[in-house]
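# My questions are about this predicted structure, shown below with the sequence.
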Amino acid sequence: MTTFPIQKLALALVLACAAGAALADTQSLSVTASITGVCKFNSGQTPVLAFGAIDPSGTANATASASVLYRCTTGTSASVSNAVTGARTLQGSGTASTDTMAYTLAFTSGGTGTGKGFGAGQDLTLVLGGTITPTDYQNKTVGPYADTVTLTVTP
């Protein structure tokens with residue numbers, strides 16, 4: 001029987017592959033990941049607690065509220081620090097720059113919650129309420145008053 005050079009080459013290739021496969025080895029690779037519990041305020045908002053124009057001859061409390069949106073990792077318990085609540089002071093500016101006005105700030109709802117994730121529509125809402133009593137505004141100088149409150153949300 002006569003063998004052709006192509007058949008000899010094919011036989012050599014089969015034997016070489018079989019020898020290479022016999023030398024192969026395998027190794028397992030572990031792959032891991034971990035999700036961190038995080039809470040963040042929604043950066044697409046600029047909440048304002050605005051009392052508006054207050055008539056100093058009034059006899060009722062001036063009140064205002066603001067909603068602040070935040071998100072947390074799914075299942076993470078959130079807490080917004082209430083260190084900013086209680087008695088606070090508005091500083092006058094312009095013609096009222098030497099005057100201040102007392103007010104109180106309180107959480108009216110949402111100071112805690114369980115995160116639902118960071119996707120669209122997963123916001124938790126914190127509502128803050130402010131009150132200025134008549135005795136705190138009746139004898140104030142005309143002009144704007146302002147305060148800056150820094151809120152902290154933690155998982």
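Received, thanks. The structure displayed is predicted, hence computed values, not measured ones.
# any idea where the helices of the chain begin and end?
Using DSSP state H, the helices of the chain run over 5-22, 134-137.
# For the last one, list every residue counted as buried.
Residues of helix 134-137 classed as buried by neighbour count (16 or more other CB atoms under 10 Å): D136, Y137. (C-beta placed from N, C-alpha, C; glycine too.)
# Going by mean pLDDT, which of the helices of the chain comes out lowest?
Mean pLDDT values for the helices of the chain show the minimum at helix 5-22, a mean of 62.
# now the nearest residue to V142 once chain neighbours are set aside: how far from P56?
Spatially, and ignoring its direct neighbours in sequence, V142 is nearest to T95 (5.9 Å; CB to CB, 6 or more residues apart in numbering). With distances taken as CB to CB, to the nearest Å, T95 is found 14 Å from P56.
# Next: L69.
L69 is 34 Å from P56, by CB to CB.
# Among those two, which residue is more densely surrounded?
Set L69 next to P56 and count neighbours by other CB atoms under 10 Å: L69 wins out with 16 against 11.
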